[in-house]
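Asker: okay, structure incoming, though there's no sequence with it:
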C-alpha cells in the first residue's frame, strides 16, 4: 500500500468558510467605520457637548498609542502558536470584548468636560487595542486558510462584496443621528444592539474555517530587523502614502457627511443614488481593467476619478445634481479602495517575499496600521479644527450655521481629500512594481509559489491546479 500513488484532489475553501471570513471582516469594519468615520466624534461634540478642542486632543493622543500597538501586534501575531492557529484565538476570544468596548463608548458616564474627555480617551484605547488584534488577524486569514492563489481568490471576492455594507452604513447613520436638542437614548440603544450583533457574527464565524498550521513553523525576523526590512521595500513606502491618504479621506468623508446633512443637503437622495450606482460600477470597472491596464495604471485612474469626485462635491455639493455626480465618483473611489489597495498590498508583500524569502503578512498589516491609524486621528482633529476656524458652532441646532461655516464643512470634507488624492496620484509615478522587470519577478514568484503549493498540498493529499 505504501508504494501506491495517492489520489489528489484540488484545494477548495468551502462556501461556509468564505462567507464566515467575509462576514466577520465586514462586521469589524462596520464597528470601525462608526468609530473612526465621525459618528463617535459627532456624538461626543454635538450631542453630549464635549469641546471640539478636547476631542481633537483625544484623537492626537490616541494616534501615539497606535504607533506602538499596531506593529507590535503584527509581530506577535506572526509568532503565535496554538491549536487554533495564529489568528483565530484573537478573533474568537476578542469578539465579546470588542462588542463590550464599543458599547461602552456610547454610555453616558457623566457630562462634565473632564469625564467625557477621559471616557473618550480610555474608551478609544480599549476599543482599538481589541480592534487591532481582531482586524489584523482577519485581514490575513485568506493566507492562513488556503495555500493556493486560486483558493485564496475565492475568499477575496466575497470580502469585496461584503465590504459594501461598512462603506454605506455611516451615511445611513449620519441621516438619523441626534442633534444637540434631541433625545439620544434611542441612538444609544441602536449602538448597543449593533455592538452585540457584530460581536456575535465575529465570534461564531471562527467555527466555520480552519487555518493551515504549517506557517507557525516558519522562522521570522527579529522585531526591529523586521521593521527595517519592511521600510527598505520602496514599493511599500509608496503603498503607505496611498494607504494614509485613503484612510484620511474615508475618515473625513464619513465624518463630514453628518455635518453635510445637517447644514447643506437635507435629503439623502444624492448619497443613495450616487453611491448605489458608483460602488458597483467601480467594482466592475476595476475587475475588468486590472489585467488589461495593470495595477499601476488602475491606481492612477482610480485616484484621478476619486479626486474628481471630491472636487465636484466641494464645488457643486450644494446642488442635488452636483452631489449625485460627486457621490457617484466617490463611490467608484470607495470601490477602488476596497479592491485595488488590497491587490497592491499583495504585490508589495510578494515583492518582500522575493527579497527576504519569508511571508510576513502580520508585520506588514501592523506597520500599515501604524500609518492608517494616525491618519484617522489626524483627519478627526483636522476636520474639527477647520470647521471651528470657519465659525462652526457646536451648540446650534441643525440647519442654523453661517454660510462661512458651511464653506468650512466643504473644505474639510471634500477639498482637503481632493488635494491628498492628487498628491497620491503624483507619488504613484514612482511605484516600482510595474513594467517588464516586475513581470519577470512575478513570473519567478509564481513559479516559486507553485512549487511550494504543490509540495505542501500533495503532502496533505490535495492536487494543485495551475
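Answerer: Perfect, I can see it now. Just so it is clear, the model here is predicted, and its values are computed rather than measured. Residues are numbered from 1 along each chain as shown.
Asker: output the contacting helices and strands for the helix or strand hosting residue 410.
Answerer: Using DSSP states H and E, residue 410 maps to helix 403-410. Secondary-structure packing of helix 403-410 (3 or more Cβ pairs under 8 Å, 6 or more residues apart in numbering; DSSP states H and E): helix 234-263, helix 361-389. Yep, even glycine has a C-beta here, placed from its N, CA and C like the rest.
Asker: mean pLDDT for those: which is lowest?
Answerer: Mean pLDDT is lowest for helix 361-389 among these, at a mean of 83.
Asker: any idea how far stretch 58-75 is from the middle of the chain?
Answerer: Centre-to-centre, stretch 58-75 and its host chain are 16 Å apart (Cα atoms, centre = their mean, to the nearest Å).
Asker: repeat that for stretch 240-253.
Answerer: Using Cα atoms, centre = their mean, the offset of stretch 240-253 from its chain centre is 9 Å.
Asker: list the buried residues in it.
Answerer: 240-253 (16 or more other Cβ atoms under 10 Å).
Asker: in a markdown table, list those along with distance to residue 443.
Answerer: Converted to a markdown table, the buried residues of stretch 240-253 look like this (distance: Cβ to Cβ, whole Å):
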| residue | distance to residue 443 |
| --- | --- |
| 240 | 26 |
| 241 | 27 |
| 242 | 25 |
| 243 | 27 |
| 244 | 31 |
| 245 | 31 |
| 246 | 29 |
| 247 | 32 |
| 248 | 36 |
| 249 | 35 |
| 250 | 34 |
| 251 | 38 |
| 252 | 40 |
| 253 | 39 |
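Asker: ok, of these, which one's closest to residue 403?
Answerer: The nearest member of those to residue 403, counting by Cβ to Cβ, is residue 252 at 20.9 Å.
Asker: nearest to residue 390 among the buried residues of stretch 240-253?
Answerer: residue 252 (14.9 Å).
Asker: for burial, what's the neighbour tally of the residue lying closest to that closest one once chain neighbours are set aside?
Answerer: Spatial nearest neighbour of residue 252, excluding adjacent residues (Cβ to Cβ, 6 or more residues apart in numbering): residue 379 at 4.7 Å. Counted with other Cβ atoms under 10 Å, the neighbours of residue 379 add up to 29.
Asker: and what of residue 79?
Answerer: Neighbour number of residue 79 under other Cβ under 10 Å is 14.
Asker: now swap in residue 400 and tell me
Answerer: Neighbours around residue 400, by other Cβ under 10 Å: 11.
Asker: tell me the SS of it?
Answerer: coil (DSSP: H, G, I helix; E, B strand; the rest coil).
Asker: tell me the confidence at it?
Answerer: Reported pLDDT for residue 400: 89.
Asker: ramachandran angles for it?
Answerer: Per-residue torsions, residue 400: phi -110, psi 10 (degrees, to the nearest 10).
Asker: change the start of the numbering to 41 and stick with it
Answerer: Understood, numbering begins at 41; the last thing we discussed is residue 440.
Asker: any idea how far residue 358 is from it?
Answerer: Distance from residue 440 to residue 358, counting by Cβ to Cβ, to the nearest Å: 17 Å.
Asker: could you do residue 124 as well?
Answerer: Using Cβ to Cβ, we find residue 124 at a distance of 53 Å from residue 358.
Asker: contact partners for residue 455?
Answerer: Residues counted as contacts of residue 455 (Cβ atoms under 8 Å, 6 or more residues apart in numbering) are 350, 351, 354.
Asker: tell me who's in contact with the nearest residue to the second one once chain neighbours are set aside.
Answerer: In this structure, residue 351 finds its nearest non-sequential neighbour in residue 458, 4.6 Å apart by Cβ to Cβ, 6+ apart. Taking Cβ under 8 Å, 6+ apart as the criterion, residue 458 is in contact with 347, 350, 351, 354.
Asker: please repeat the previous calculation with a cut-off of 6 Å.
Answerer: Neighbour list for residue 458: 347, 350, 351 [criterion: Cβ atoms under 6 Å, 6 or more residues apart in numbering].
Asker: most surrounded residue in the residues you listed?
Answerer: Neighbour max across those (other Cβ under 10 Å) = residue 350, 27 neighbours.
Asker: and that one, how far from residue 366?
Answerer: From residue 350 to residue 366 the distance is 7 Å (Cβ to Cβ).
Asker: ok, now residue 76?
Answerer: 22 Å.
Asker: show the pLDDT at residue 139.
Answerer: 96.
Asker: helix or strand: which one has it?
Answerer: helix 128-145.
Asker: number of residues surrounding residue 322?
Answerer: 26.
Asker: just checking, it touches residue 372?
Answerer: Yes. Using Cβ atoms under 6 Å, residue 322 is in contact with residue 372, at 3.7 Å.
Asker: coming back round to it: mind checking which of the contacts of residue 458 are in helices?
Answerer: 347, 350, 351 (DSSP state H).
Asker: got the buried residues for whichever helix or strand residue 324 is part of?
Answerer: Taking DSSP H and E as the criterion, residue 324 maps to helix 309-333. Across helix 309-333, burial judged by 16+ other Cβ under 10 Å covers 310-315, 318-319, 322-323, 325-326, 329.
Asker: so which elements touch it?
Answerer: helix 360-396 (3 or more Cβ pairs under 6 Å, 6 or more residues apart in numbering; DSSP states H and E).
Asker: now the angle from the helix it packs on to helix 309-333?
Answerer: Relative orientation of helix 360-396 versus helix 309-333 (axes from the mean of the first three to the mean of the last three Cα atoms, to 10 degrees): 40 degrees.
Asker: next, the buried residues of helix 360-396.
Answerer: 362-382, 384-393, 396.
Asker: got the angle for that helix vs helix 401-429?
Answerer: 150 degrees.
Asker: what about helix 360-396, average pLDDT?
Answerer: 86.
Asker: hmm, back to that, show the subsequent helix or strand relative to the helix holding residue 450.
Answerer: Taking DSSP H and E, what comes next after helix 443-450 is helix 456-467.
Asker: for residue 151, see how far away the residue lying closest to residue 441 once chain neighbours are set aside is.
Answerer: Leaving aside its chain neighbours, residue 441 sits nearest to residue 303 (4.9 Å; criterion: Cβ to Cβ, 6+ apart). The span separating residue 303 from residue 151 equals 25 Å under the rule Cβ to Cβ.
Asker: least confident secondary structure element in the protein?
Answerer: strand 49-50 (a mean of 54; mean pLDDT, DSSP states H and E).
Asker: what packs against whichever helix or strand comes after that one?
Answerer: Elements were assigned by DSSP H and E; along the chain past strand 49-50, the next helix or strand is helix 55-76. Contacts defined by 3+ Cβ pairs under 6 Å, 6+ apart place helix 55-76 against helix 153-179, helix 189-202, helix 204-216, helix 225-245.
Asker: helices or strands up against the third one?
Answerer: In this structure, helix 204-216 packs against helix 55-76, helix 274-303, with contacts taken as 3+ Cβ pairs under 6 Å, 6+ apart.
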